[in-house]
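1. sharing a model that was predicted from the sequence below.
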Amino acid sequence: MTCIIIDDEQPAIDVLEHYVRQITDLQLLASFTNPLEALQFLNKTPADLLFLDIQMPEISGIDLIRTIPNRTKIILTTAYSEFVTEGFELEVADYLLKPVPFPRFLKAVQRVQQAINTTSGKEPADTVEPADDYFFVKTELKGKILKINFRDIDYIEGEKNYVAIYHAGIKTMALLNMKDLEDRLPARYFMRIHRSYIIPLEKIVAIEGNTVSLRGVKEKILLGDTYRAAFLERMKGKIMQ
């Protein structure tokens, strides 16, 4: 998958270039601090993916999107979350808030790769059924290890040094962090929608404002600003117009 980077700040480009080099399936064609030069390059050399800053002096990233060929997937990079809604309306692939952590960068790239594979008729790797449908966690009770089935999980909430796993009508406290658990769960079925919440997508019954309602859960789950664009992009294909 080919990509280019557009950002008027060289340090931001340096970070993204370093990240790109860590992903063997991602090839950097060029980087630009001048968006108009980048547009000329794109017209001659199309790319699969564009990492695009929003606030730039010559032309904003939002305005630039409207001139880019539809085949190019776009991941917005910015320090300002207020642009997320407009970016979503322009059907960007993802939205990364600076400073961008590498795990979040990697997840955005994987999402784009899956979208490209789906369009080309290839089977995304993540659609393969997991080798198992459960995992074991060490609980807060010394010496107790509990088996948890994926299908039984209602939602997961981060609580300081622990995570609370709500499943099969009970709450289990495990000495894990949200990132470790997020990486362990199959992304086809689960998604992090807030710094403190991971939900099973098949249990969503309603999306209202900044909350998500889940089947069998009385509480409404908060949808975080940082995760909103990626979540709505994931849901977009399921919404009948």
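-> Structure's in. What do you need?

2. any stretches of the chain with poor pLDDT?
-> Residue ranges of the chain with pLDDT under 70: 69-70, 80-91, 118-132, 237-241.

3. could you pull out the helices in it for me?
-> Using DSSP state H, the helices of the chain run over 10-21, 35-44, 61-65, 84-89, 102-119, 178-184, 225-236.

4. give the buried residues for the shortest one.
-> Spelled out, it's helix 61-65. 61-62, 64-65 (16 or more other CB atoms under 10 Å). No exception for glycine: its C-beta is placed from N, CA and C like everyone else's.

5. domains of this protein?
-> Using automatic domain parsing, the domain parsing of the chain gives 2-126, 129-236.

6. thinking again about what came up before, got the helices of the chain as JSON lines, with distance to residue 143 columns?
-> Formatted as JSON lines, these follow (distance: least, CB to CB, whole Å):
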{"stretch": "helix 10-21", "distance to residue 143": "41"}
{"stretch": "helix 35-44", "distance to residue 143": "58"}
{"stretch": "helix 61-65", "distance to residue 143": "53"}
{"stretch": "helix 84-89", "distance to residue 143": "45"}
{"stretch": "helix 102-119", "distance to residue 143": "31"}
{"stretch": "helix 178-184", "distance to residue 143": "21"}
{"stretch": "helix 225-236", "distance to residue 143": "35"}
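
7. nearest to residue 165, out of the ones you listed?
-> The closest of the helices of the chain to residue 165 is helix 178-184. By CB to CB, the value is 8.1 Å.

8. what comes into contact with the closest one?
-> 103, 135, 156, 158, 163, 174, 190, 192, 195-196, 198 (CB atoms under 8 Å, 6 or more residues apart in numbering).

9. for residue 142, the count of nearby residues, please.
-> 6 (other CB atoms under 10 Å).

10. repeat for residue 135
-> Neighbours of residue 135 (other CB under 10 Å): 16.

11. so residue 208 bridges to which residues?
-> Beta bridges link residue 208 to residue 211, judged by DSSP bridges.

12. verify the contact between residue 168 and residue 152 for me.
-> Yes: Residue 168 lies in contact with residue 152 (CB atoms under 8 Å); the separation is 4.3 Å.

13. more neighbours: which of these two?
-> Higher neighbour count among residue 168 and residue 152: residue 152, with 16 against 12, using other CB under 10 Å.

14. ok, the more buried one - contacts?
-> 167-168.

15. can you tell me how far it is from residue 165?
-> Counting by CB to CB, to the nearest Å, the gap from residue 152 to residue 165 is 9 Å.

16. again, but for residue 185
-> Residue 185 sits at a distance of 10 Å from residue 165 (criterion: CB to CB).

17. what about residue 164, how many neighbours?
-> A count of nearby residues for residue 164, using other CB under 10 Å, gives 14.

18. so the closest residue to it other than its chain neighbours bridges to which residues?
-> In this structure, residue 164 finds its nearest non-sequential neighbour in residue 157, 4.6 Å apart by CB to CB, 6 or more residues apart in numbering. On the basis of DSSP bridges, residue 157 is bridged to residue 164, residue 197.
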